[in-house]
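Undergrad: need coordinates for the below:
(chains A, B, C and D)
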There are 2 protein chains.
Amino acid sequence: MVSKKVLIVDDEFSIRDMLRMALEIADFECLEAENIQDAHRLIVDERPAIVLLDWMLPGGSGLELLRRLKKNDTTSEIPVIMLTAKVAEDNVIQGLDAGADDYVTKPFAPRELIARIKALLRRSAGGEQRDRLEVGELVLDVDSRRIFVANSPIEMGPTEFNLLQFFMSHPERAYTRNQLLDHVWGANVYVEERTVDVHIRRLRKALEGGIQDYSDLIQTVRGTGYRFSAKGVVSE
Amino acid sequence: MVSKKVLIVDDEFSIRDMLRMALEIADFECLEAENIQDAHRLIVDERPAIVLLDWMLPGGSGLELLRRLKKNDTTSEIPVIMLTAKVAEDNVIQGLDAGADDYVTKPFAPRELIARIKALLRRSAGGEQRDRLEVGELVLDVDSRRIFVANSPIEMGPTEFNLLQFFMSHPERAYTRNQLLDHVWGANVYVEERTVDVHIRRLRKALEGGIQDYSDLIQTVRGTGYRFSAKGVVSE
DNA sequence: AATTTAATGACATTAACGTGACATTAAAAT
DNA sequence: ATTTTAATGTCACGTTAATGTCATTAAATT
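TA: This is a model prediction of the structure:
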């Protein structure tokens, strides 16, 4: 398995250092931030698999960052473990209520923390995305990054593949161009909104090409954006 | 929300009782088991939303049950919180490794436990629920921005969709044209009052089009404006 | 019957989307 | 290192759908 990124958010150097060591032994890749601003930037840019978040931070409390993350669509799925020196029960409840996925009080044993990280990753990564998405005879194979229509492969560019993968894992839902840019291109990339249209066209063209025509799974939602739907459009 | 089932697995009556009280206050439905066999039967039969599992149990340790649950496909998605009197770090790691989703050591504060339960449920139930409005076989799907009549989609313009969405979320109430303009078009947009009539007509036409005719859900209130009502008009 | 109010059809205008071409960049092949 | 190929993002133009308005007709109210 490719080592996963863990973001450590703590203002004390000694703690970050200790965590980094423990995590690297357990074969994680570490990112570090010592304040809210850096942390948020790293989360958006690097998309870590998990965030270890200290309660007390300069420039706003960790709780604040946590709320911000859970509010935003593109970051709400990233699991967060809150770290705190405080043992006050109230903190735990506030943290969990704000959407923290786990909670560890200092001083903590590195091995326990690692076990908790693994438990969370197992949960968040495990349940969700399948390595094979299908609608009718249209099959998207995540591992080989290929699309099949009736068992024969069809060609498309990487972006079109990503777009289709996103659509197939989020069907029956209308997305704006900006949402698609965020999810498929990634945040912090600036491209014109209308570029999405062009890739939609390329994707539709590719889906036409096969033995069967699956291009109308990609539907235009006027005034909004696009939608992937197996439920079909209105017939005549 | 319908109250969710929580299974308490503990051999001590006093602990079960304490938990039951705390959980019922928090509006959960409680199931209880005092040994592995009963617990397993209840999990299979009742499918609780979450399991609170004591570490030490007669007839096999809780860890054993945990492994069994996580191995089986039909039960592996049920979150488990391990409860233990032991504070040994090793236990925590073993438990989390075996697939426990969280871990709480006795004595614990009921409020914390409730918060952890809610956090876990939020995460696992996080499998998205759709935002939809329905009247009979007329369904407005907010997420996909589509209207269905008897499960087949029908077409309408964005404004008609917004209008219908507003009506369906504010039924049985008459609105003036100006109120509709404010709510559906947005404040500080200037369009003629009579424009509303035209969109009402378009909406009615769209609602006629399907297999069934839902156009008389949109009722004219002479001298005032319009109303959405599922109660039907007075038949002559 | 006269008057008020709503429904309807038609139409010009505007906004949103589709499409082909092209320059630029990134990746592969040589 | 150089060439070839594919992918990407952007623009300009064509097309279609949506919108708002008005004149006319129909219906309800007085």
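Undergrad: tally of neighbours for residue A:118?
TA: For residue A:118, the neighbour count with other C-beta atoms under 10 Å in any protein chain shown is 17. The way it works is simple: take the backbone N, C-alpha and C, and place the C-beta from them, glycine included.
Undergrad: what are the buried residues along the helix or strand where it lies?
TA: For residue A:118, the host element (DSSP states H and E) is helix A:110-127. Neighbour-count burial for helix A:110-127, counted by 16 or more other C-beta atoms under 10 Å in any protein chain shown, picks out A:112-121, A:123-124.
Undergrad: off-centre distance for it?
TA: Computed by C-alpha atoms, centre = their mean, to the nearest Å, the separation of helix A:110-127 from the middle of its chain amounts to 16 Å.
Undergrad: what's that helix in contact with?
TA: Here helix A:110-127 makes contact (C-beta atoms under 8 Å, 6 or more residues apart in numbering or on different chains) with A:4, A:6, A:18-19, A:22-23, A:26, A:28, A:49-50, A:52, A:77, A:79, A:81, A:101-102, A:104, B:77, B:89, B:92-93, B:96-97, B:99-101, B:103, B:123-124.
Undergrad: now intersect the residues you listed with the strands, please.
TA: Secondary structure assignment by DSSP state E places A:6, A:50, A:52, A:81, A:102, A:104, B:103 of the contacts of helix A:110-127 in strands.
Undergrad: got a winner among the residues you listed for most neighbours?
TA: Within those, residue A:52 tops the neighbour count with 27 neighbours, counted by other C-beta under 10 Å.
Undergrad: tell me how far it lies from residue A:65.
TA: Separation of residue A:52 from residue A:65 (C-beta to C-beta, to the nearest Å) stands at 12 Å.
Undergrad: same question, residue A:80
TA: Taking C-beta to C-beta, one finds residue A:80 at 9 Å from residue A:65.
Undergrad: need the overlap of contacts for these two.
TA: residue A:53.
Undergrad: give me the below-cutoff pLDDT ranges for chain A.
TA: Residue ranges of chain A with pLDDT under 70: A:1-2, A:58-60, A:86-92, A:125-130, A:232-236.
Undergrad: point out the residues in it that sit beside DNA strand D.
TA: A:157-160, A:185, A:189-192, A:194-195, A:198-199, A:222-223 (C-beta under 7 Å from any atom of the strand).
Undergrad: just to revisit the earlier point, closest one to residue A:40 out of the ones in strands among the contacts of helix A:110-127, please.
TA: residue A:52 (14.6 Å; C-beta to C-beta).
Undergrad: tell me the spacing between the closest residue to residue A:108 other than its chain neighbours and DNA strand D.
TA: Spatially, and ignoring its direct neighbours in sequence, residue A:108 is nearest to residue A:83 (7.5 Å; C-beta to C-beta, 6 or more residues apart in numbering or on different chains). Distance of residue A:83 to DNA strand D, computed by C-beta to the nearest atom of the strand, to the nearest Å: 37 Å.
Undergrad: next one: the host helix or strand of residue A:83 to chain centre, how far?
TA: Per DSSP H and E, residue A:83 falls inside strand A:80-84. Averaging C-alpha positions (C-alpha atoms, centre = their mean) puts strand A:80-84 19 Å from its chain's average.
Undergrad: tilt between that strand and helix A:110-127?
TA: Strand A:80-84 runs at 160 degrees relative to helix A:110-127, counting by axes from the mean of the first three to the mean of the last three C-alpha atoms, to 10 degrees.
Undergrad: now for strand A:80-84, which elements pack on it?
TA: Secondary-structure packing of strand A:80-84 (3 or more C-beta pairs under 8 Å, 6 or more residues apart in numbering or on different chains; DSSP states H and E): strand A:50-54, helix A:62-71, helix A:89-97, strand A:102-105, helix A:110-127.
Undergrad: list the strands paired with the first one, with their directions.
TA: In the sheet, strand A:50-54 lines up against strand A:5-9 (parallel), strand A:80-84 (parallel) (DSSP bridges).
Undergrad: in the strand or helix carrying residue A:159, what counts as buried?
TA: Following DSSP H and E, one finds residue A:159 within helix A:158-169. Buried residues in helix A:158-169, counted by 16+ other C-beta under 10 Å: A:159-165, A:167-168.
Undergrad: repeat that for stretch A:57-68.
TA: Within stretch A:57-68, the residues scored as buried using 16+ other C-beta under 10 Å are A:57, A:61-63, A:65-66, A:68.
Undergrad: does that stretch come close to chain B?
TA: No. Judged by C-beta under 8 Å from any C-beta of the partner chain, stretch A:57-68 and chain B are separated, with a smallest distance of 11.8 Å.
Undergrad: so for residue A:52 and residue A:65, which residues contact both of them?
TA: With C-beta under 8 Å, 6+ apart as the test, residue A:52 and residue A:65 both reach residue A:9.
Undergrad: measure residue A:124 to DNA strand D for me?
TA: For residue A:124, the distance to DNA strand D - C-beta to the nearest atom of the strand - is 27 Å.
Undergrad: ah, wrong one, I meant residue A:147
TA: From residue A:147 to DNA strand D the distance is 12 Å (C-beta to the nearest atom of the strand).
Undergrad: where does that residue land in three-state SS?
TA: strand (DSSP: H, G, I helix; E, B strand; the rest coil).
Undergrad: and for residue A:71, the neighbour number?
TA: Quick note: residue A:71 (other C-beta under 10 Å) scores 11 neighbours.
Undergrad: how about stretch A:203-222: buried residues?
TA: A:203-204, A:206-207, A:210, A:214-215, A:217-219, A:221.
Undergrad: just the CA coordinates for it, please, in PDB.
TA: Extracted as PDB, the C-alpha positions of stretch A:203-222 are listed here (Å, rounded to 0.1, in the frame of the first residue of the first chain):
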ATOM      1  CA  LEU A 203     -16.700  12.400 -22.100                       C
ATOM      2  CA  ARG A 204     -20.000  12.200 -24.000                       C
ATOM      3  CA  LYS A 205     -18.300  11.600 -27.200                       C
ATOM      4  CA  ALA A 206     -16.300   8.800 -25.700                       C
ATOM      5  CA  LEU A 207     -19.500   7.200 -24.300                       C
ATOM      6  CA  GLU A 208     -21.100   7.400 -27.700                       C
ATOM      7  CA  GLY A 209     -18.200   5.600 -29.300                       C
ATOM      8  CA  GLY A 210     -18.700   2.100 -28.000                       C
ATOM      9  CA  ILE A 211     -21.000  -0.600 -29.300                       C
ATOM     10  CA  GLN A 212     -23.800   1.000 -27.200                       C
ATOM     11  CA  ASP A 213     -24.400   4.700 -26.700                       C
ATOM     12  CA  TYR A 214     -24.200   5.700 -23.000                       C
ATOM     13  CA  SER A 215     -23.800   9.400 -23.600                       C
ATOM     14  CA  ASP A 216     -27.200  10.300 -22.200                       C
ATOM     15  CA  LEU A 217     -26.200   9.200 -18.800                       C
ATOM     16  CA  ILE A 218     -24.500  12.600 -18.600                       C
ATOM     17  CA  GLN A 219     -27.300  15.000 -18.400                       C
ATOM     18  CA  THR A 220     -27.300  18.800 -18.600                       C
ATOM     19  CA  VAL A 221     -29.100  20.500 -15.800                       C
ATOM     20  CA  ARG A 222     -29.800  24.000 -17.200                       C
END
